[in-house]
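S.K.: Coordinates only, no sequence provided:
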């Protein structure tokens with residue numbers, strides 16, 4: 001973070017905000033484990049936002065959908081543990097600098113967008 005700050009200062013592009021998307025851990029796990037793919041065609045489904053007509057079956061060829069190892073709950077849980085451990089110091093750093101803006105990512109997409117626009121200003125409105 002300090003190296004990034006120094007680089008951006010040299011480029012005259014200082015940070016004006018650092019967004020922290022806050023989501024409850026069970027919801028993160030649910031979202032991150034919702035991806036299923038057809039290994040034959042590469043088609044990707046999402047159980048939450050783009051499910052197949054029949055659970056576990058590809059709409060296109062009727063084949064079985066599979067979940068990649070990195071999308072399985074145990075892998076996602078480990079990734080979140082590492083993320084939290086490595087991100088905590090960054091959160092503290094940007095909180096101390098006054099740049100940290102928490103975003104409630106549990107809200108509907110449009111509400112999250114509004115929070116982002118409010119935090120960053122009109123340059124991201126469109």
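M.R.: It's in. Keep in mind the model is a prediction, meaning the values are calculated, not measured.

S.K.: what comes into contact with the one helix or strand residue 83 maps to?
M.R.: Using DSSP states H and E, residue 83 sits in helix 73-97. Helix 73-97 is contacted from outside by 1, 2, 18, 20, 25, 28, 29, 32, 33, 69, 70, 100, using Cβ atoms under 8 Å, 6 or more residues apart in numbering. Any C-beta I mention is one placed from the backbone N, CA and C, and that applies to glycine too.

S.K.: Just the buried residues of it, please?
M.R.: By 16 or more other Cβ atoms under 10 Å, the buried positions in helix 73-97 come out as 76, 94.

S.K.: So what are the sheet partners of the following helix or strand past that helix and their directions?
M.R.: Following helix 73-97 in sequence order, the next helix or strand is strand 100-104 (DSSP H and E). With DSSP bridges as the test, strand 100-104 is paired with strand 18-22 (parallel).

S.K.: which ones are touching the closest residue to residue 106 other than its chain neighbours?
M.R.: Distances taken as Cβ to Cβ, 6 or more residues apart in numbering put residue 23 closest to residue 106, at 5.7 Å, once the chain neighbours are dropped. Shown in contact with residue 23 (Cβ under 8 Å, 6+ apart): 31, 105, 106.

S.K.: Kindly recompute the last result at 10 Å.
M.R.: 29, 30, 31, 103, 104, 105, 106, 107, 112 (Cβ atoms under 10 Å, 6 or more residues apart in numbering).

S.K.: Sounds good, over and out.
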